[in-house]
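In: give me coordinates for this.
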Amino acid sequence: MTAQVPETAGGPAAEAAPGGLTPRRWLCLTQGLALLVVLLTCLPVLVHPRLEPDDYRYLHLLQQRATGHGPELGSSLTVENRWDHLWFFASDAKVRFFRPTVLASYAVDAWLWGRHVAFGLSLTNVLLHAACTLLAVMLLWRWLGPGWPALLAGLGFAALFAHGECIWYVAGRTDTLAALGFLAAMALHVFGAGRPGLRWWALPCFAFGFVTKELVVALPLLLFLHDLWLDPARPGVRAVGRRRAGLWLAYVATALAVLGWKQLALGGRGSELVYPYFVSPLHPEFAAHLWRQVQSYAGNLFLAETSAPFATGAEVAFHHSGFGLPLAAALGTWLVVDARRDGRLWFFAAVALLCWLPTCFVYVSERYLYLPSLGFVGLLGLAAAGLERRGYGVAVRLVLALWILHQGWWLNRKHEEITTLPFGPARIEQQLAAMRPSVPRGARVLALNLPGDWLQAQFFEAQCRVQLGDPALAVDVLTLMPGQKQYPAPDLPPRPMGLGEEVVRRGPRSFELRGTVLDDAGHRAPVMERDAPFPWADLTTGAKAGARDIEVEVLQGTATAATRLLFRLPRPLEDYTILLWEPSRVHEIWTARLGGGRVLTVRP
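Out: Okay, here's the model as predicted:
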């Protein structure tokens, strides 16, 4: 294996740079074009800033710290996914993460932007992506040399459809913040060749990335492989280990210190491997889960196909054409034939593999492609360089330029579509603003027919506390608006979606929720449906469940839906504020129904 990294530090290489440009001018040109691509693809996110339900868990933690309602500092830097407050989930497990850098970034945006925090958070996400893109361009320029392959690989990183979830989804900055530390450390190490002092500055960048997200743990090994495979002197394993033994030991010590800090902050209680949030390697579905990831991620990277979170096999088949895998196989075959002796091939492959490996047991999500995509575009650039040497330069540039346009176009379209959807926390904030006089401070709120999914329900208490400015609110979500999940047949006729639900008093501390509207087949509209990847409570007639001292009995239901529910409360009905959402009766498109509905205060 030989290292074929072009020398771009000046001298003869500057005269040999293609296109009549010096290496540094190639770098500046690529960075300028990459920033233009970032702006064009991310513009909808800035025009229509959007917050998601789990963004409010961070804002709520800040609210608690500001008002003195929060826990101790360590717990306030920990975010949780939990379902024990939702009666319709048969799980009391907790997924816990220590995220101090993410919370700090929210705090800075909230301080800078005040009531315009949604725009500030979205702007920061775009800036984080832009900073990561500039670092990726620098690294690709170093590894591939000045010229068209590095330029196209850098623009590919800027335009990748797979990066969308890290941009429009504010909480997705977990991955870009981690990538920022990872890429900065990588750049300091790579450009610090011959300057040992510079390489030591990579350690705090590694610590920052590792504190942000655990997948950065792959960095020290990748730096070792970089020195082993891409050093022109071709040192052996022992030479690389001896030459920088102190540096490698410092990385190990830093990683152990960060892990120890996280365990201390979490009180020794980390995340539970909740299926399907996590799919343990010992789980019987693990092999199928890996195969779904390979199919989904190949289609996403090559063809800008959506990687749906928590995707099942049927969903992967729905979202993907199946051509991603043949394209991946073709690229890999060509590179092995053309560049198997080039250390860059194996290094780029290691970047893609080792940055994905720490997330291989987590649910399918395109966010986890952010760092692996550096290796992916590096492989594309390496393939382009090999084809240029064989005289196919013009053709390969045209193909890659079209691919970049395709990726960027669909990334922009995705941002436009997602940020302009007519429902979500912003719509509910408008509704709650009108309901503010009906919700006294410190009220006990019961939400019925909430227009959102299980994720909305999970964080709805935090959302209400932030949007109503009341950290003492107690909010329980009792039912979700049924009929929202249109997959896998989006052309199905519109569902009743919670129209005509009635709240009937059954005692001083109990009430019934029942559906009255019939669908085309004469079936009573459900008031609750199974619609989540997590274990659901039994919805058959006579089944009982509960959470937070609220008891629930299914008066009429089946395995998949309930049409009558009885709720028994620990306090008199008069102590509660009951909010009932009604979808729009006008729109036939389900998203418009969610966005056009209203919320009522009801008294059974």
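In: got any ranges where the stretch 401-550 of the chain has weak pLDDT?
Out: Along the stretch 401-550 of the chain, the model assigns pLDDT under 70 to residues 485-495, 519-522.
In: one more pass at 50, please.
Out: Low-confidence segments of the stretch 401-550 of the chain, defined by pLDDT under 50, span residues 487-492.
In: what do you get for the chain?
Out: Low-confidence segments of the chain, defined by pLDDT under 50, span residues 8-15, 487-492.
In: where along it do the strands fall?
Out: In the chain, the segments counted as strands under DSSP state E are 78-82, 94-98, 444-448, 474-477, 502-507, 510-514, 528-529, 544-547, 550-557, 561-568, 576-582, 598-602.
In: of these, which stretch is the most buried?
Out: Most buried of these, by mean neighbour count (mean count of other CB atoms under 10 Å): strand 528-529, with a mean of 26. C-beta: built from backbone N, CA, C; applies to glycine.
In: so what are the sheet partners of that strand and their directions?
Out: For strand 528-529, the paired strands and their directions (DSSP bridges) are strand 561-568 (antiparallel).
In: now do the partner strand: everything it contacts.
Out: Residues outside strand 561-568 that contact it (CB atoms under 8 Å, 6 or more residues apart in numbering): 446, 478-479, 482, 506-507, 509-515, 524-530, 539, 550-557.
In: restrict that strand to CA atoms and write it as CSV.
Out: Output in CSV follows, covering the C-alpha atoms of strand 561-568 (Å, rounded to 0.1, in the frame of the first residue of the first chain):
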residue,chain,number,x,y,z
ALA,A,561,-57.7,1.4,17.8
ALA,A,562,-60.1,2.4,20.5
THR,A,563,-63.3,4.4,20.0
ARG,A,564,-64.3,4.9,23.7
LEU,A,565,-62.0,5.5,26.6
LEU,A,566,-62.8,6.1,30.3
PHE,A,567,-60.4,8.3,32.3
ARG,A,568,-60.3,8.2,36.1
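In: that one vs strand 444-448, what angle?
Out: Counting by axes from the mean of the first three to the mean of the last three CA atoms, to 10 degrees, strand 561-568 lies at 160 degrees to strand 444-448.
In: distance between strand 561-568 and the chain's centre?
Out: 34 Å (CA atoms, centre = their mean, to the nearest Å).
In: start at 73, not 1
Out: Taking 73 as the first residue, the last one we looked at is strand 633-640.
In: now tabulate the strands of the chain in TSV and tack on distance to Val351.
Out: As requested, the strands of the chain are arranged in TSV below (distance: least, CB to CB, whole Å):
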stretch	distance to Val351
strand 150-154	15
strand 166-170	13
strand 516-520	31
strand 546-549	26
strand 574-579	39
strand 582-586	35
strand 600-601	24
strand 616-619	26
strand 622-629	29
strand 633-640	27
strand 648-654	33
strand 670-674	37
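In: figure out which of those is closest to Leu470.
Out: For these, the distance to Leu470 is smallest for strand 166-170, at 44.0 Å, taking CB to CB.
In: tell me if I'm right that Gln528 and Leu522 touch.
Out: Yes. Contact criterion CB atoms under 8 Å: Gln528 and Leu522 qualify, at 6.4 Å.
In: what do those two both touch?
Out: With contacts defined as CB under 8 Å, 6+ apart, the residues adjacent to both Gln528 and Leu522 are Leu552.
In: so the two - more neighbours on which side?
Out: Neighbours around Gln528 and Leu522, counted as other CB atoms under 10 Å, are more numerous at Gln528. The numbers are 23 against 20.
In: which residue, neighbours along the chain excluded, lies closest to the more buried one?
Out: If the residues on either side of it in the chain are set aside, Gln528 comes closest to Pro125, at 4.6 Å by CB to CB, 6 or more residues apart in numbering.
In: can you tell me how far that neighbour is from Ala230?
Out: 29 Å (CB to CB, to the nearest Å).
In: which one of the two is surrounded by more residues?
Out: Ala230 (31 against 21).
In: wait, that one sits on Ala106?
Out: Yes. With contact defined as CB under 8 Å, Ala230 reaches Ala106; the gap is 4.1 Å.
In: could you name every residue contacting both of the two?
Out: With contacts defined as CB under 8 Å, 6+ apart, the residues adjacent to both Ala230 and Ala106 are 205, 209.
In: which parts of the stretch 123-272 of the chain are helices?
Out: Secondary structure of the stretch 123-272 of the chain (DSSP state H, counting those that start in this stretch): helices located at 127-139, 145-148, 172-185, 189-216, 220-231, 245-263, 268-272.
In: CSV please, covering these and showing distance to Gln367.
Out: Formatted as CSV, the entries for the helices of the stretch 123-272 of the chain read as follows, by distance: least, CB to CB, whole Å:
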stretch, distance to Gln367
helix 127-139, 30
helix 145-148, 39
helix 172-185, 30
helix 189-216, 25
helix 220-231, 21
helix 245-263, 21
helix 268-272, 39
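In: any idea which of the ones you listed gets closest to Leu399?
Out: With CB to CB, the closest approach to Leu399 among these belongs to helix 220-231: 13.9 Å.
In: return the list of helices and strands in contact with the closest one.
Out: The criterion is 3 or more CB pairs under 8 Å, 6 or more residues apart in numbering; DSSP states H and E, and the helices and strands that helix 220-231 contacts are helix 95-119, helix 189-216, helix 444-461, helix 465-491.
In: got the angle between the last one and helix 189-216?
Out: For helix 465-491 against helix 189-216, the angle between stretch directions is 160 degrees (the same axes, to 10 degrees).
In: go through helix 465-491 and flag the buried ones.
Out: 465, 468-469, 472, 475-476, 479-480, 482-484, 486-487, 490-491 (16 or more other CB atoms under 10 Å).
In: likewise for the second one?
Out: Buried residues in helix 189-216, counted by 16+ other CB under 10 Å: 189-198, 200-216.
In: how much does that helix deviate in direction from helix 172-185?
Out: 130 degrees.
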